[in-house]
Every structure is written in C-alpha cells, then in structure tokens.
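Peer 1: Provide a 3D model corresponding to the input given below.
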Amino acid sequence: MPNKHANLSIFVPHIGCPHKCTFCNQNTITGQTFIPHAKDVVETCEKALSDGVDISNTEIAFFGGSFTAIPRSYMLELLEPAKRYVDMGFRGIRLSTRPDAIDEEILPILGSYGVTTIELGAQSMFDDVLELNERGHTAKDVENASHLIKQHGFTLELQMMLGLYGSTVEKDYETALRIADLEPSEVRIYPTVVLKDTKLGELYTEGKYRTYELSEAVELSAKLLDLFEQRNITVIKLGLHSSTDVESSMLGGIYHPAFRELCEGVRARNTMEKLMNGGVSYTFTVRPDYLSKALGHKKSNIEYFRSKGIEVTIKPKPSQTENILIKE
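Peer 2: Numbers count the residues shown, from 1 in each chain. Modelled structure (predicted):
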C-alpha cells in the first residue's frame with residue numbers, strides 16, 4: 001500500500017504579503033520568524049533523504065506567506081534548489097499565495113521549476129467580508145486565479161475561513177458552495193482565531209467583533225465536510241494545528257486542539273439521528289476505522305443521546321466494508 005502524501009514544509013513568513021489582514025499574525029500561526037534561504041531548502045531536503053522519507057509521495061511546500069508576491073530574485077533563490085530535488089524524485093513543489101498574485105506571466109515560470117500544487121487563500125467569497133478584513137482582493141480575483149491555475153495544469157487548493165469579521169453562518173456556507181463550484185482538488189477550512197497584535201484583536205477587545213460559539217462552528221463545519229465530500233473535494237485541513245504559540249496569543253474565536261475530531265463526531269451523530277425512529281435503545285455497527293468518529297470526542301455522542309433518554313451502543317464489525325454505519 002503506497003504511503004500517504006506528505007508535505008516537507010518550509011515557512012516563508014509574511015515577506016510577500018502586500019496587505020496585513022485583520023486576523024493575521026503569521027509569526028504566531030507558524031511559530032517562526034526565521035527567513036529561509038537556498039541553503040535551508042537544501043538542508044531540509046537532505047534531512048528528508050537521510051530520514052528515509054518516501055520522496056515520491058512528498059511535495060516540497062513553501063508555506064506561510066504569499067509566495068508569488070515575494071521579490072522575484074528571492075522566489076527563484078528558493079525554487080532553484082527545490083527544483084533540483086524534484087529532479088531527484090520528490091513529487092513536486094507546493095506553494096501558498098494570494099489570488100491577486102497569480103497571472104499568465106508567473107504560472108509558466110512556476111511550472112518550469114517543478115511546482116505542482118498552488119494553494120490560494122480565498123477566505124471568503126463575499127466582497128464585503130474581504131474588504132472588512134483588509135484582504136486586498138475580491139471574490140472575482142479568486143475565481144480568475146483558480147481558473148488560470150487549473151488551465152495551466154496545476155493542482156488547485158483553496159483555503160476558506162469561518163466566522164470572519166462581517167461574515168455569518170449563511171455567508172460561510174455560501175462561500176463553501178462557491179469554492180466547490182471552482183472544483184479545487186483540496187480545501188483547507190480555518191475557523192477564525194482572534195490573536196493578539198492584530199486588527200481583529202483590537203475589534204474583539206473593543207467589543208466590536210464576536211465570532212461563532214464553538215458548538216455553532218462545529219455544526220457548520222460538519223455540514224461543510226458533507227458538502228465537500230459530496231463534490232469529491234478533499235478537506236486536507238480543518239482547524240488550526242494545536243500550538244502553544246496560538247494558545248498563548250489567542251484572545252478568543254474558534255479554537256479547539258481536536259477541532260476536526262469534534263466535527264467528525266457531529267457528522268456521525270447526525271447520521272445516527274437520521275436512522276432513529278422513536279426508540280429508546282439502539283446498537284450501531286461501524287467499520288473499525290470509523291469507531292472513534294461514531295463515539296465522538298471523549299465519547300460525547302454516547303452522552304449526547306443519553307441526555308435525550310436514548311441508550312446507544314456502538315461496536316466495530318471488522319468484516320464490514322461498505323456501510324460506514326448501520327443500525328441493528
């Protein structure tokens with residue numbers, strides 16, 4: 001069985017961003033202020049080789065800033081050594097950037113250096129939300145850049161945020177629908193975390209901004225997982241990674257170290273509820289790899305149903321291959 005796709009991450013903090021969005025504190029999010037150069041790309045790739053990483057399933061990934069907006073000479077300084085390692089067998093190069101930093105001129109250059117995947121920070125598909133959060137681009141920019149990226153043969157990934165200043169649950173769901181219509185291969189969903197030393201932090205402290213409660217964000221995210229799964233779009237990230245930097249710098253917002261687990265649990269709970277027909281006791285049989293999702297985070301689904309007077313038993317059935325959840 002082939003190894004799972006992996007990223008060999010190299011962070012390029014904030015250098016290329018022409019705007020500082022209301023929510024952004026890249027140093028806190030990445031935990032890094034170090035600015036990499038060519039030798040650091042080489043050292044990172046060499047370490048992966050010495051560690052025996054399956055390079056055929058590994059992309060060299062430039063994260064953290066707007067890669068195509070950094071000075072061209074610096075961008076090429078990073079791409080040139082990365083390209084040598086792609087020629088040696090790495091799967092390709094992945095980078096993250098802004099929608100308004102993609103055009104017909106830059107894409108052939110990226111292709112010539114072995115770039116395979118481009119992640120765009122869409123965040124919202126509503127211009128009023130983008131303007132309030134000082135993104136500096138429009139929803140149309142997201143659409144145009146997405147079409148260009150796919151036309152040039154790159155894998156497209158889109159990022160969206162939940163609960164931004166000026167957004168609503170309805171707007172966030174509509175954003176997801178519009179992103180799905182652009183047919184990316186992958187998406188990342190980031191609930192908004194309010195960090196110190198940001199414009200959003202100031203608004204939060206002044207009482208001018210409040211985002212969703214955790215339970216509301218979890219319910220919404222469970223629906224988004226369903227939506228993207230139905231469109232055959234992989235959600236490769238849901239929620240910020242667990243980080244002491246984030247936890248020490250956050251003022252509020254939507255954060256839980258096991259956010260995706262919470263959302264997957266709610267998805268399973270919703271499925272079980274649809275299968276219930278008024279009884280007070282049910283046994284559900286699931287695939288072993290689905291058991292923790294069905295139980296919910298810290299067995300929260302068992303407690304949820306018990307609070308409603310319903311006793312639920314969930315057990316694995318190793319021979320089951322088709323249904324992820326059945327009622328007995």
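
Peer 1: when you work out contacts or count neighbours from here on, use the C-alpha atoms and nothing else.
Peer 2: Fine.

Peer 1: low pLDDT regions in this protein?
Peer 2: Scanning the chain for pLDDT under 70 picks out 1-4, 14-19, 26-33, 318-328.

Peer 1: just give me the residue right at the centre of it.
Peer 2: Centrality entry for the chain: nearest residue to the mean C-alpha point is R188, 2.1 Å, by CA atoms, centre = their mean.

Peer 1: in a strand, that residue, correct?
Peer 2: Yes: per DSSP: H, G, I helix; E, B strand; the rest coil, R188 lies within a strand segment.

Peer 1: my understanding was that V194 contacts S248; is that so?
Peer 2: No: counting by CA atoms under 8 Å, S248 is not a contact partner of V194; they are 11.4 Å apart.

Peer 1: what about these two, which has more around it?
Peer 2: Neighbours per residue (other CA atoms under 10 Å) separate V194 from S248, with V194 holding more: 30 against 11.

Peer 1: ok, now how distant is T313 from A294?
Peer 2: 10 Å (CA to CA, to the nearest Å).

Peer 1: which one of these two is surrounded by more residues?
Peer 2: A294 (29 against 13).

Peer 1: so that one is in which element?
Peer 2: helix 291-295 (DSSP states H and E).

Peer 1: tabulate the CA atom coordinates of that helix in CSV.
Peer 2: Provided in CSV are the C-alpha atoms of helix 291-295 (Å, rounded to 0.1, in the frame of the first residue of the first chain):
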residue,chain,number,x,y,z
LEU,A,291,-15.4,3.8,15.6
SER,A,292,-13.8,6.8,17.2
LYS,A,293,-15.8,9.2,15.0
ALA,A,294,-19.1,7.4,15.8
LEU,A,295,-18.3,7.5,19.5
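
Peer 1: and the next helix or strand past that helix?
Peer 2: Beyond helix 291-295 on the C-terminal side, the first helix or strand identified by DSSP H and E is helix 300-307.

Peer 1: buried residues in that following helix, which are they?
Peer 2: 300-303, 305 (16 or more other CA atoms under 10 Å).

Peer 1: identify the farthest-apart pair in the residues you listed.
Peer 2: Greatest spatial distance among the buried residues of helix 300-307 (CA to CA): S300 and F305, at 8.7 Å.

Peer 1: burial of L200, as a residue count?
Peer 2: For L200, the neighbour count with other CA under 10 Å is 25.

Peer 1: got it, and H5?
Peer 2: Each residue near H5 was counted by other CA under 10 Å, and the total is 12.

Peer 1: list the contacts for it?
Peer 2: H5 is in contact with 57-59, counting by CA atoms under 8 Å, 6 or more residues apart in numbering.

Peer 1: against K83, how distant is it?
Peer 2: Distance of H5 to K83, computed by CA to CA: 18 Å.

Peer 1: what's the answer for I302, then?
Peer 2: On the measure of CA to CA, I302 and K83 end up 51 Å apart.

Peer 1: coming back round to it: run through the bridge partners of the residue nearest to the centre of the chain.
Peer 2: Q159, K237 (DSSP bridges).

Peer 1: do N7 as well
Peer 2: Applying DSSP bridges to N7 yields these beta-bridge partners: E59.

Peer 1: go on, E119?
Peer 2: For E119, the beta-bridge partners under DSSP bridges are S96, E157.

Peer 1: surely it meets Q159?
Peer 2: Yes: shown here, E119 and Q159 form a contact pair, counting by CA under 8 Å, at 7.2 Å.

Peer 1: in terms of neighbours, single out the busier of these two.
Peer 2: Under the criterion of other CA under 10 Å, the comparison of E119 against Q159 puts E119 first, with 25 against 21.

Peer 1: all strands for the chain, in order.
Peer 2: 6-11, 58-63, 92-97, 115-123, 155-162, 186-191, 193-195, 234-238, 250-253, 281-286, 311-316, 325-327 (DSSP state E).

Peer 1: which residues are contacting the fourth one?
Peer 2: Residues from elsewhere that reach strand 115-123, judged by CA under 8 Å, 6+ apart: 92-99, 130, 139, 142, 146, 149, 154-162.
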